[in-house]
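Peer 1: Here is a sequence together with a model predicted from it:
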Amino acid sequence: MLRGDVGLELGQRVAQALRVALDVDITAEEALIRPSNRDGADYQCNVAMSLAKKVGRNPREVATLIVEHLDAADAIETPEIAGPGFINLKLKREWLEAQAARLLGDERLGVPRTEEPRRIAIDYSSPNVAKEMHVGHLRSTIIGDAFCRLLTFAGHEVIPHNHLGDWGTPFGMLIEHLTDEGRGADHEISDLNAFYQQARQKFDNEPGFADRARRRVVLLQGGDEATLALWHELVGESQRHFNQVYELLEIGLSADDNYGESFYNPYLADTITELQGKGLIETSDGALCVFPPGFTNREGDRLPLIVRKSDGGYGYATTDFATVRYWVRDRKVDELIYVVGTPQSQHFQMIFATSKQAGWLDDAHTAVHTGFGTILGSDGKTIRTRAGGTIKLIDLLTEAVENSYKVMPESSEVEGEEKDALARTIGLGAVKYADLSNDREKDYVFTWEKMLATTGDTSVYIQYANARILSIVRKVGREAPQDAPLVLQEQAERDLALKLLQLPTAIQAAIDELAPHKLTGYLFETATAFSTFYNNCPVATAESQELQDSRLHLLTLTSRVLTLGLSLLGIGAPERL
RNA sequence: GCCUCUGUAGCUCAGUGGAGAGAGCGAGGGACUUCUAAUCCCGAGGUCGCAGGUUCGAAUCCUGCCAGGGGCGCCA
């Protein structure tokens, strides 16, 4: 028996039936097994209709042949053919019981490790030095973190890294401002946004400052020691701020994972030389450009990426090329994942297209831009720094924690110091869940209400289900013997067991599509199935020891599924609420 | 102008070419002496932006249109 999902198993059985009956070769996925919520069906098979034309038979005939040749009497009741050729599949109770029981002894709850482990670099979070992280940074940070956890669990080697905005023209301005304020004036950059705005103000208004700032950039890029020392002050102060956010969010990024723009600076000239050597660079209006194939502008002109500006400076495209080159060539990664907003979509397509021409990317070395939608203000427009609508990330997180104190009910079992840790787990979980449960690629409207929600389709609902499970187990005061059989008598028990067996599919979908919301949806459904079970199937007062054992097993499995699922999203699952 | 994404219940969103389109929130009705009510149960609520097309079958694929967001040469 394979590890993995029930649906996949059924697909293999159907594929085998087709091989025997019609000499047709299809994969388990192509058998089109789908979960069904119709009465009397757990799954449905839709392959008969799609296959009918290819084999020159009518769909019901194909369905009949499949059913006749299906070797699955151990697993399913006699299949029923319905409508144009749907095959309804209902799992046998005994088989379902056996499948679910197998999970008890399986650390990975049926989730297989990948057969093709890859070395994957993930670029996420990417805040800017000397700017406070705002709510817009939330998505990259927690989506990237979820990818790291999911891919690591799947068995890949994951290298997280943080592409800090820590270099370039703004730093001349910032360093010059720091000089004016006097070195060691740390308190001035403790409020990073204010410091940035002051510098900007001077740049725009104070005579001579802009020129000094430009000269300072040259000094910085030239490696002037005094300038670098000031730059390090800015980076250090910013790092303390980033760390504060990452620690609160339990994000596994530290200064060791910084591969910011400054890191790639020494590679830029070389990168351009290599592009030139491959004949990919043209001079246009005094700037060095590459023209990736297939990208045109208005009037059909080719679309450029500027790798060296007419003033000799480098742009971010150059850094992005150096990044691809570094990770693929020096760090030998198989795959690069960029967790950067969708507005950068075309930019990355162009970077990747040229990287293929340059030979940095190929079939064995891939790069993917996993874009995410913009967080919008209530006016439906991007939250922008200068619109005054920006919400500091640390404020959001602080408010989320405070909010969870407020909504803790009197029935909570938790008091004292444990309550503080709990408030963090709940509040920050709610923020992460609110974001991760949206389709990654779509924009969404930010509201405090939704971010802090603790009822309905939220992480708290799932955490609460888990806490209730563990509360029952504590109340019963014993564990079921490992070999005690599962008995799926009630509908609620059956539904719950079936859900538990679908964890591998949910995780696989989340990984294949790099779509964490596939997993949040599954976890919510599982928690819902548990809630129904909770209302219908008493455990502490179960009629017999045998029934209690079986239900204890179901509880344990459910708790393990919920805890694992949440952990892969970076959300905690407290033992009591 | 070109490219790109989006349009599904009052609101926020799921939805893998498959059978009366699903959740949550909100509004309505009901269930606490509890295995923790941060919960559950019941009902209401839809021309899936519009019009064609492909298909046995379309919210899903294709074309056009409408509306909105984003991107489009020296910021990153």
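Peer 2: Yes, it's here.
Peer 1: Just confirm A:Q12 contacts A:I26, I think it does.
Peer 2: No. Using Cβ atoms under 8 Å, A:Q12 makes no contact with A:I26, being 10.1 Å away. Placement of C-beta: from N, CA and C, glycine included.
Peer 1: Can you identify the element that follows the worst-scoring helix or strand of chain A on mean pLDDT toward the C-terminus?
Peer 2: Sorting the helices and strands of chain A by mean pLDDT, DSSP states H and E puts helix A:186-190 at the bottom, at a mean of 63. Next helix or strand after helix A:186-190 toward the C-terminus (DSSP states H and E): helix A:192-205.
Peer 1: show me where chain A has strands.
Peer 2: Under the criterion DSSP state E, strands of chain A are mapped to A:33-35, A:43-45, A:80-82, A:86-89, A:119-123, A:157-161, A:281-284, A:287-290, A:305-308, A:335-338, A:366-369, A:375-376, A:444-445.
Peer 1: looking only at pLDDT, what's the mean for the third one?
Peer 2: Over the span of strand A:80-82, the pLDDT mean works out to 93.
Peer 1: mind giving me the domain ranges of chain A?
Peer 2: Here the domain parsing of chain A from automatic domain parsing is A:6-91, A:170-249, A:393-568.
Peer 1: and these, which one is worst for confidence?
Peer 2: domain A:170-249 (a mean of 86).
Peer 1: what about it, start to end distance?
Peer 2: Domain A:170-249 stretches 28 Å from its first residue to its last (Cα to Cα, to the nearest Å).
Peer 1: What parts of the stretch 351-500 of chain A come near RNA strand B?
Peer 2: A:374, A:380-382, A:404, A:407-409, A:411-413, A:422, A:426, A:437-439, A:441-445, A:450, A:453-457, A:460-461, A:464, A:467-468, A:470-472, A:475 (Cβ under 7 Å from any atom of the strand).
Peer 1: Counting only helices, which of these make the cut?
Peer 2: A:404, A:407, A:422, A:426, A:450, A:460-461, A:464, A:467-468, A:470-472, A:475 (DSSP state H).
Peer 1: Selecting buried members of the residues you listed in PyMOL, what would you type?
Peer 2: Under the burial definition 16 or more other Cβ atoms under 10 Å, those of those that qualify are selected in PyMOL by:
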select buried, chain A and resi 404+407+422+426+460+461+464+467+468+470+472
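Peer 1: now the ones in helices among the residues of the stretch 351-500 of chain A next to RNA strand B in a markdown table, with distance to A:T319?
Peer 2: A markdown table is the format used below for those (distance: Cβ to Cβ, whole Å):
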| residue | distance to A:T319 |
| --- | --- |
| A:S404 | 40 |
| A:V407 | 44 |
| A:L422 | 42 |
| A:I426 | 39 |
| A:K450 | 35 |
| A:V460 | 41 |
| A:Y461 | 43 |
| A:Y464 | 45 |
| A:A467 | 46 |
| A:R468 | 50 |
| A:L470 | 48 |
| A:S471 | 52 |
| A:I472 | 55 |
| A:K475 | 58 |
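Peer 1: now, among the ones in helices among the residues of the stretch 351-500 of chain A next to RNA strand B, which is nearest to A:Q44?
Peer 2: Checking those against A:Q44 with Cβ to Cβ, the nearest one is A:Y461 at 28.7 Å.
Peer 1: hang on, that closest one packs against A:E525?
Peer 2: No. Under the criterion of Cβ under 8 Å, A:Y461 is not in contact with A:E525, lying 11.1 Å apart.
Peer 1: what's the burial count for A:T563?
Peer 2: Residues lying near A:T563 (other Cβ atoms under 10 Å) number 20.
Peer 1: from memory it sits against A:P574, does it?
Peer 2: No. Applying Cβ under 8 Å, one finds A:T563 not in contact with A:P574, separated by 9.8 Å.
Peer 1: Tell me how far A:Y43 lies from A:L96.
Peer 2: The spacing between A:Y43 and A:L96, counted by Cβ to Cβ, to the nearest Å, is 12 Å.
Peer 1: A:Y124 too?
Peer 2: Taking Cβ to Cβ as the criterion, A:Y124 is separated from A:L96 by 39 Å.
Peer 1: Could you do A:L18 as well?
Peer 2: Shown here: A:L18 relative to A:L96, a distance of 24 Å by Cβ to Cβ.
Peer 1: before we move on, what about A:N193?
Peer 2: 57 Å.
Peer 1: what's the answer for A:F209, then?
Peer 2: On the measure of Cβ to Cβ, A:F209 and A:L96 end up 73 Å apart.
Peer 1: ditto for A:T27
Peer 2: Counting by Cβ to Cβ, the gap from A:T27 to A:L96 is 24 Å.
Peer 1: Also A:N128?
Peer 2: Taking Cβ to Cβ as the measure, A:N128 falls 53 Å from A:L96.
Peer 1: Name the residue in these two with the higher neighbour count.
Peer 2: Set A:N128 next to A:L96 and count neighbours by other Cβ under 10 Å: A:L96 wins out with 22 against 17.
Peer 1: thought that one was touching A:D495?
Peer 2: No. With contacts defined as Cβ under 8 Å, A:L96 does not count as touching A:D495, sitting 10.4 Å away.
Peer 1: picking up where we left off before, tell me the two of the ones in helices among the residues of the stretch 351-500 of chain A next to RNA strand B that are most distant?
Peer 2: Maximum pairwise distance in those, criterion Cβ to Cβ, is 34.4 Å, between A:K450 and A:K475.
Peer 1: For the nearest residue to A:T152 once chain neighbours are set aside, give me its contacts.
Peer 2: If the residues on either side of it in the chain are set aside, A:T152 comes closest to A:V158, at 4.9 Å by Cβ to Cβ, 6 or more residues apart in numbering. Contacts here follow Cβ atoms under 8 Å, 6 or more residues apart in numbering; on that basis A:V158 touches A:I120, A:A121, A:I122, A:F147, A:C148, A:L151, A:T152.
Peer 1: Buried ones among those residues?
Peer 2: Buried members of the contacts of A:V158, counted by 16+ other Cβ under 10 Å: A:I120, A:A121, A:I122, A:F147, A:C148, A:L151.
Peer 1: quick one: which of those residues is nearest to RNA strand B?
Peer 2: For these, the minimum distance to RNA strand B (Cβ to the nearest atom of the strand) is 16.8 Å, reached by A:F147.
Peer 1: residues in contact with that closest one?
Peer 2: Contacts of A:F147 (Cβ under 8 Å, 6+ apart): A:I122, A:Y124, A:V158, A:I337, A:V339, A:T370, A:L514, A:P516.
Peer 1: Bridge partners for the residue nearest to the fourth one when sequence neighbours are not counted, pull those for me.
Peer 2: So that's A:I337. Using Cβ to Cβ, 6+ apart and skipping the chain neighbours, the partner closest in space to A:I337 is A:I122 (4.6 Å). Taking DSSP bridges as the rule, A:I122 bridges to A:P160, A:I337.
Peer 1: show me the residues around A:I122 that make contact.
Peer 2: Residues in contact with A:I122 (Cβ under 8 Å, 6+ apart) are A:G144, A:F147, A:C148, A:L151, A:V158, A:I159, A:P160, A:H161, A:I337, A:V339.
Peer 1: Quick one: name the residues of the stretch 151-300 of chain A near RNA strand B.
Peer 2: For the stretch 151-300 of chain A, the residues in contact with RNA strand B (Cβ under 7 Å from any atom of the strand) are A:165, A:167-170, A:261, A:284-287, A:289, A:296-298.
Peer 1: Most neighbours among those, please name it.
Peer 2: Within those, A:E261 tops the neighbour count with 24 neighbours, counted by other Cβ under 10 Å.
Peer 1: Pretty sure that residue sits against A:H163.
Peer 2: Yes. Counting by Cβ under 8 Å, A:E261 does reach A:H163; the two are 7.3 Å apart.
Peer 1: Overlap of the contact sets of A:T563 and A:P574?
Peer 2: Between them, A:T563 and A:P574 share these contacting residues under Cβ under 8 Å, 6+ apart: A:N466.
Peer 1: With that, I have no additional questions.
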